[in-house]
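# Structural data only, the sequence is not supplied:
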């Protein structure tokens with residue numbers, strides 16, 4: 001991830017529009033990866049930036065369908081609940097993913113507590129989704145924004161992800177370690193990939209890219225956003241956690 005001003009893309013690739021999930025062929029390992037064609041605007045990761053230490057709740061998302069793996073980032077918000085981006089929940093045919101592996105709390109993309117998704121839920125008001133785990137993911141959870149005032153224009157924030165480390169051939173350049181970048185919030189009245197309330201930020205030292213989708217934006221330690229779109233250069237948008245807070249509580253009890 002590189003810090004710069006820009007927007008974030010979908011799951012495994014960074015591009016203008018939304019955080020898209022990155023899809024790679026599951027086997028053989030040497031197969032050339034491909035970006036999921038769900039949307040040309042939906043694919044972000046952190047290009048540049050720096051290696052991060054996992055605070056314990058940042059979670060790797062590997063969805064499987066049609067011989068592909070779709071990569072995203074997410075956060076543990078309760079013992080069995082994970083928050084991510086809605087666009088991460090669909091395969092290259094636009095069908096809801098049902099086979100999802102999650103790896104919680106490690107600095108490594110395949111380390112930490114391994115869990116499977118037992119059920120998934122998508123938010124009608126924007127680019128947010130919830131995953132219920134089949135086992136406890138841990139006891140360290142993201143602190144979720146409860147008010148739009150938790151993110152203010154001009155605030156310094158931090159974003160995290162395991163996404164692509166370059167803007168081309170993103171599937172072959174997913175980071176094996178958690179990365180971070182510093183951003184500055186530029187617009188709290190933006191729209192996410194699905195037209196829901198979002199927060200835009202400039203990324204001066206790291207750009208969000210494919211595979212960073214669904215990852216968190218933290219403002220003073222509070223998760224205020226979920227990675228939705230990126231231009232893989234200078235600007236990224238994150239779906240507003242505060243706007244979806246009542247839905248998150250209703251579904252998960254968190």
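All right, it came through fine. As the structure is a computational prediction, the values presented were derived from the model and not from experiment. Residues are numbered from 1 along each chain as shown.

# tell me which element the residue most central in space within the chain is part of?
Centroid-nearest residue in the chain: residue 214, 1.9 Å away (criterion: C-alpha atoms, centre = their mean). Secondary structure assignment for residue 214, by DSSP states H and E: no helix or strand.

# thinking it is in contact with residue 88, fair?
Yes: counting by C-beta atoms under 8 Å, residue 214 touches residue 88, with 4.7 Å between them. In short, each C-beta sits where N, CA and C put it, glycine included.

# Residue 54 and residue 62, how far apart?
Applying C-beta to C-beta, to the nearest Å, the value for residue 54 to residue 62 is 16 Å.

# ugh, typo on my part, it should be residue 143
Using C-beta to C-beta, residue 143 is found at 25 Å from residue 62.

# Just want to know which of those two has more residues nearby.
Using other C-beta atoms under 10 Å, the more surrounded residue of residue 143 and residue 62 is residue 62, with 20 against 17.

# My understanding was that the more buried one contacts residue 73; is that so?
No: using C-beta under 8 Å, residue 62 makes no contact with residue 73, being 10.8 Å away.

# Where does pLDDT dip in the stretch 1-150 of the chain?
Within the stretch 1-150 of the chain, the stretches with pLDDT under 70 are 1-49.

# and the lengthiest strand in the chain, what other elements does it pack with?
Counting by DSSP state E, the longest strand found in the chain is strand 179-191. In terms of contacts (3 or more C-beta pairs under 8 Å, 6 or more residues apart in numbering; DSSP states H and E), strand 179-191 is packed against strand 50-51, strand 156-161, strand 197-202, strand 206-207, strand 235-240.

# what would the ones you listed look like in TSV with distance to residue 96 and mean neighbour count?
Formatted as TSV, those follow (distance: least, C-beta to C-beta, whole Å; neighbours: other C-beta atoms under 10 Å):
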stretch	distance to residue 96	mean neighbour count
strand 50-51	33	12
strand 156-161	22	25
strand 197-202	22	27
strand 206-207	29	32
strand 235-240	18	33
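
# Next, format these as CSV and append distance to residue 132.
As requested, the helices and strands packed on strand 179-191 are arranged in CSV below (distance: least, C-beta to C-beta, whole Å):
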stretch, distance to residue 132
strand 50-51, 30
strand 156-161, 22
strand 197-202, 24
strand 206-207, 31
strand 235-240, 19
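
# For residue 181, find the nearest of those strands.
Between residue 181 and the helices and strands packed on strand 179-191, the shortest separation by C-beta to C-beta is 2.5 Å, and it involves strand 206-207.

# how far does that closest one sit from the chain's center?
The chain centroid and the centroid of strand 206-207 are separated by 14 Å, computed with C-alpha atoms, centre = their mean, to the nearest Å.

# Which residues does the helix or strand just after that strand contact?
Downstream of strand 206-207, the next assigned helix or strand under DSSP H and E is strand 216-219. Residues from elsewhere that reach strand 216-219, judged by C-beta atoms under 8 Å, 6 or more residues apart in numbering: 58, 73, 75, 142, 145, 150-152, 155-160, 183, 185, 199, 201, 223-227, 238.

# at 6 Å what do you get?
75, 151, 155, 157-160, 223-225, 238 (C-beta atoms under 6 Å, 6 or more residues apart in numbering).
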